[in-house]
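K.L.:
structure for the following, please:
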Amino acid sequence: MKINYCDALVIGGGLAGLRVAVQTREKGLSTIILSLVPVKRSHSAAAQGGMQASLANTVMGKGDNEDVHFADTVKGSDWGCDQVVARMFVTTAPKAIRELANWGVPWSRVRKGPREVVINAEPTTIEEAPEAHGLINARDFGGTKKWRTCYTADATGHTMLYGVANQAIRDDAEIHERKELMRLIVDGNRCYGAVVRDQITGEIEAYLAKATCIATGGWGRIYRTTTNAVICEGTGQAAALETGIASLGNPEAVQFHPTPIVPSGILLTEGCRGDGGVLRDVDGYHFMPDYEPEKKDLASRDVVSRRMMEHIRKGKGVPSPYGGHLWLDISILGREHIEKNLRDVQEIAMTFNGIDPADPGPKGWLPVRPAQHYSMGGIRTTPTGESPSLEGLFSCGEAACWDLHGFNRLGGNSVAETVVSGMIVGSYMADFCRTHEISIDTRIVEEYIRKEEACIREILERPESTGMSIFDIKRRMQDIMDEKVGIFRDGEHLQSAVDELQELLRVSRKVGVRYKCLKANPELEETYRVPKMLKIAISVAYSALLRTESRGAHYREDFTNRDDLNWLKRTIVRWSDPEANLPEVGYEALDIMKMEMPPAFRGYGRKGQIIENPLSEKRQKEVEEIVERLKAEGKDRFEIQDALMHFELPENYKAKNERLGVGYA
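P.N.:
I've put the predicted structure just below:
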C-alpha cells in the first residue's frame with residue numbers, strides 16, 4: 001500500500017488551491033497539490049471578465065474603497081453573506097491584485113487622457129488623470145457602484161492561473177496530477193488526509209497531512225446546461241459530505257449567468273455588458289431599462305437572468321431549434337475595442353456560431369440565454385476556512401461556503417475570492433499545521449485503502465445492467481435539475497425533483513458496468529462518481545424545497561417575498577447515514593444585531609417585497625448612533641468600522657490599502 005506524507009495537502013489545482021499552496025510553502029511547510037487535470041488546465045482558466053478590488057485608479061472608480069466594495073457585496077448577497085468574511089475579503093483584495101502584478105499577471109493598464117467608452121448604450125468620453133497612467137485599470141460590472149473589476153482583456157482567469165501556478169512551482173510545491181479524491185480519512189472528529197485514485201494506473205493510495213484543504217471548484221455539472229467544465233462535478237464537496245461530520249452550507253444558492261451563448265452554453269463574460277454591450281429582444285429592443293431603470297443591463301446576475309427569462313416568457317424571445325433566446329449586442333462597442341478587450345468572446349462567437357460580434361447591426365448580435373454558472377454553497381467553513389465540525393479540514397474557493405456571496409455573488413468577486421481566500425485560508429491552515437501533528441494509526445489508513453479497493457472491485461463484479469446505464473442516470477439527473485431546480489422554482493416541481501433524484505440514487509448504487517478493466521475505464525469512473533453527484537443534487541433540490549422564500553438567486557414563484565423574519569439563516573446539510581436517500585437539513589441564524597449593515601431594500605424590483613425582521617430597524621438605529629458619536633469624536637472610517645463590527649485578519653492583510661490621491665485614508 002502506498003502512503004504519502006506531507007504537512008499540508010491541497011486537493012484541487014485551480015487558483016484557490018494553488019494560492020493556498022503558495023501560502024503554506026512560504027511558511028516552510030511541505031505541501032502537495034492533487035489535481036484531476038494539469039493545473040494550468042484547471043477551470044479557473046475559463047474566467048474572462050475580471051477580478052474585483054477597490055483600487056480606484058480609473059476616473060470611474062474614484063471614491064471607491066473597502067466600505068463601498070463591502071456594501072456592494074452585502075447587497076449583492078441579498079443579505080445572505082457572512083459580513084465578517086465580506087470585510088476580510090474587501091480588505092485583502094487590493095493586496096492580492098498587486099501581488100499578482102508582481103508575479104507577472106499583465107493587468108490592463110490606465111492610459112492618461114481622453115478615452116471613448118459606452119455607458120448606458122451611449123458613446124461617452126472620459127478623461128483619465130495623468131497620475132493614473134500605467135496603473136491597473138478596471139471595468140464596470142453588475143451590482144457595483146464603482147468601476148472596480150480589474151482585467152487582462154477577457155482572459156483574466158488564464159493569466160491569473162499561469163501567474164499563481166508559476167509561483168507555486170517556484171516555491172517548490174509538489175504537484176501530483178491526474179489524482180482523484182475518493183474519500184477523506186477521518187478518525188474521530190479529525191481529518192488526516194485523503195484516499196486517492198490514480199487516474200492513469202487505477203491504483204488507490206493515501207495522502208496523510210496535518211491539514212487538508214478541498215479547493216475542487218463548483219458542482220455545475222449536476223445541471224445539463226452549465227458554463228462549468230466537465231470536471232466540475234462536486235465530488236470534492238461530496239467527499240466532505242460523506243464523512244457524516246462535515247457539512248454543506250446553502251446548497252440551494254445556485255447562480256445562473258445571463259449570457260452563455262446558445263446552443264453551446266459557453267460563457268460570454270459579464271465584461272461584454274460591463275464595457276457597454278446591451279441585451280435585445282426579438283424586435284431588437286433594448287428591454288432591460290424597462291425592468292431595472294437604474295442598473296439596466298448591469299443589475300446583479302440573479303436579477304438580469306430572471307428578467308431575461310421573464311421577457312422570453314412574454315413572447316419576446318427569439319425562436320430557435322434550441323428554444324427561445326435573446327440577443328447580446330456588443331457591436332456598439334466598435335471593432336477596435338472588441339478585438340483588444342473582448343477578443344476571446346469574438347473567437348468563441350466565430351468558432352461556435354459563425355458570428356463576428358464586431359459586425360455592425362443585427363449581423364453581429366449573439367444569441368444568449370441564462371445557464372447555471374456558480375455555486376454559492378459548498379463545504380461549510382468558519383471565517384478561517386476550517387470546517388466547524390471536522391478538525392483539520394479546510395476549504396476555499398467555489399468548493400467552500402466561506403459565505404462571502406450569500407445567495408448571489410457579484411461578477412468578479414469569485415475570481416477575486418479564489419486568490420484572496422487562498423491567501424487568508426492558507427495562512428490559517430499553515431498556523432494549524434504548525435501546532436498539530438499526524439497522529440493516526442497506520443492500520444486505520446490501510447483499512448481506508450482496502451475499503452476503497454473493495455468498492456471498486458464490487459462495482460466491476462456487478463452484473464451488467466439491463467435497465468438504465470450510469471450514463472442514462474447522469475443525463476436524467478441533469479435534466480431534472482435544469483427543468484425543476486432552475487431560475488424559477490416552486491414547491492410542486494421541487495418535490496418532484498427530490499422524489500425522482502432519490503430514486504436515481506437508489507438505482508445508481510446497484511448499476512453494473514459493461515467494461516471490467518480497472519484503468520482507463522470512463523464507465524467505471526462515472527459509476528462511482530454519479531452517486532456522489534446525486535447526493536449533491538438532492539442536497540440542492542431538498543434545501544430549495546424547504547426554503548419557502550425568495551432570496552438572491554433562489555427564487556420561489558410560490559413564495560416571492562424575501563422573508564427576513566423567518567429565513568435570515570444559513571442552510572446546513574449533513575449526510576450522516578451513508579445508506580440514506582435524503583440528508584439532514586438544519587439552519588444557522590444570521591445575527592442581525594452583530595451586522596455592520598443590517599438588512600434593507602436591495603434596490604431591485606418593487607419595495608414591499610420583504611417580510612421585515614424588527615431587529616433590522618433596531619440595529620440600524622444602533623449603527624447610526626455609533627457612527628454619529630464616533631464622527632463627533634473625530635474617529636476615522638477604520639475606527640468607526642471596527643466599532644460596528646470587529647474582524648480578524650493576519651496583520652499584513654489587515655493593513656490599510658493605499659489609493660491614488662488619498663493615500664492610506
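K.L.:
quickly note the distance from the residue lying closest to Met593 once chain neighbours are set aside to His69.
P.N.:
Among residues not flanking Met593 along the chain, Arg619 sits closest, at 5.4 Å (Cβ to Cβ, 6 or more residues apart in numbering). C-beta: built from backbone N, CA, C; applies to glycine. Taking Cβ to Cβ, to the nearest Å as the measure, Arg619 falls 21 Å from His69.
K.L.:
which one's more surrounded, the two?
P.N.:
Applying other Cβ atoms under 10 Å to Arg619 and His69 shows that His69 carries more neighbours, namely 27 against 21.
K.L.:
hmm, the more buried one is touching Thr92, no?
P.N.:
No. The criterion here is Cβ atoms under 8 Å, and His69 misses it with Thr92 at 11.0 Å.
K.L.:
ok so, going back, okay, and the residue nearest to Met593 sits in which element?
P.N.:
For Arg619, the host element (DSSP states H and E) is helix 614-632.
K.L.:
what are the contacting residues of that helix?
P.N.:
564, 592-593, 595-600, 639-640, 643-644 (Cβ atoms under 8 Å, 6 or more residues apart in numbering).
K.L.:
give me the buried positions along the strand or helix carrying Val530.
P.N.:
Applying DSSP H and E as the criterion places Val530 in helix 522-546. By neighbour count on 16 or more other Cβ atoms under 10 Å, the buried set for helix 522-546 is 523-545.
K.L.:
likewise stretch 419-431?
P.N.:
Under 16+ other Cβ under 10 Å, the buried positions of stretch 419-431 are 419-430.
K.L.:
the helix holding Arg619: how far from the chain's middle?
P.N.:
From the chain centre to the centre of helix 614-632 is a distance of 32 Å (Cα atoms, centre = their mean, to the nearest Å).
K.L.:
then stretch 418-426?
P.N.:
Distance of stretch 418-426 from the chain centroid (Cα atoms, centre = their mean) equals 13 Å.
K.L.:
quick check: buried residues in stretch 437-450?
P.N.:
Neighbour-count burial for stretch 437-450 flags 438, 440, 445, 448-449 (criterion: 16+ other Cβ under 10 Å).
K.L.:
do the same with stretch 316-324
P.N.:
For stretch 316-324, burial by neighbour count (16+ other Cβ under 10 Å) applies to 316-318, 324.
K.L.:
and for stretch 3-15?
P.N.:
4, 6-15.
K.L.:
quick one: mean pLDDT for it?
P.N.:
For stretch 3-15, mean pLDDT is 98.
K.L.:
circling back: now, which of the buried residues of stretch 419-431 sits nearest Val84?
P.N.:
Of all the buried residues of stretch 419-431, Val84 sits closest to Ile424, with 11.7 Å by Cβ to Cβ.
K.L.:
wait, a strand at the closest one?
P.N.:
No. Counting by DSSP: H, G, I helix; E, B strand; the rest coil, Ile424 falls outside a strand, being helix.
K.L.:
I'd assumed Leu649 was in contact with it.
P.N.:
Yes. Using Cβ under 8 Å, Ile424 makes contact with Leu649 at a distance of 6.9 Å.
K.L.:
give me the common contacts of the two.
P.N.:
By Cβ under 8 Å, 6+ apart, the residues touching both Ile424 and Leu649 are 88, 92.
K.L.:
which residues touch Val105?
P.N.:
Contacts here follow Cβ under 8 Å, 6+ apart; on that basis Val105 touches 152, 159-160, 163.
K.L.:
before we move on, what about Lys95?
P.N.:
Lys95 makes contact with 423, 652-653, 655, 657, according to Cβ under 8 Å, 6+ apart.
K.L.:
try Cys213
P.N.:
Per Cβ under 8 Å, 6+ apart, neighbours of Cys213: 8-12, 17, 20, 385, 393-396, 425-426, 429.
K.L.:
can you check Met477 too?
P.N.:
Contacts were defined as Cβ under 8 Å, 6+ apart; by that measure Met477 touches 222, 501, 504, 530, 533-534, 537.
K.L.:
TSV for those residues, including distance to Ser247 and pLDDT?
P.N.:
Converted to TSV, the contacts of Met477 look like this (distance: Cβ to Cβ, whole Å; pLDDT from 0 to 100):
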residue	distance to Ser247	pLDDT
Ile222	18	98
Leu501	19	98
Leu504	23	98
Val530	22	98
Met533	18	98
Leu534	18	98
Ala537	17	98
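K.L.:
which of those residues lies closest to Asp172?
P.N.:
Met533 (34.8 Å).
K.L.:
which residue packs closest to Asn228, ignoring adjacent ones?
P.N.:
Closest residue to Asn228 apart from its sequence neighbours, by Cβ to Cβ, 6+ apart: Gly220 at 2.9 Å.
K.L.:
how much space between the one you found and His373?
P.N.:
Gly220 sits 7 Å away from His373, going by Cβ to Cβ.
K.L.:
shared neighbours, those two?
P.N.:
226-228.
K.L.:
longest strand of this structure, counting residues only.
P.N.:
If you go by DSSP state E, the chain has its longest strand at strand 204-214.
K.L.:
partners of that one, with directions?
P.N.:
Here strand 204-214 is paired, per DSSP bridges, with strand 3-11 (parallel), strand 190-198 (antiparallel), strand 393-395 (parallel).
K.L.:
what does whichever helix or strand comes after it rub up against?
P.N.:
Once strand 204-214 ends, the next helix or strand along the chain (criterion: DSSP H and E) is helix 235-241. With Cβ under 8 Å, 6+ apart as the test, helix 235-241 has contacts from 11-12, 180-184, 194, 214-217, 219, 246-248, 378-379, 387, 390, 393, 395, 399, 529, 532-533, 535-536, 539, 573-575, 583.
K.L.:
which strands and helices sit next to whichever helix or strand comes after helix 235-241?
P.N.:
Counting by DSSP H and E, the next helix or strand C-terminal to helix 235-241 is strand 248-249. Applying 3 or more Cβ pairs under 8 Å, 6 or more residues apart in numbering; DSSP states H and E, we find strand 248-249 packed against helix 235-241, strand 378-380, strand 569-574.
K.L.:
pick the most deeply packed of these.
P.N.:
Stretch with highest mean neighbour count among the helices and strands packed on strand 248-249: strand 378-380 (a mean of 29; mean count of other Cβ atoms under 10 Å).
K.L.:
for the closest residue to Ile332 other than its chain neighbours, what are its contacts?
P.N.:
Spatial nearest neighbour of Ile332, chain neighbours left out: Val118 (6.0 Å); criterion: Cβ to Cβ, 6+ apart. By Cβ under 8 Å, 6+ apart, the residues touching Val118 are 124, 275-277, 332-333.
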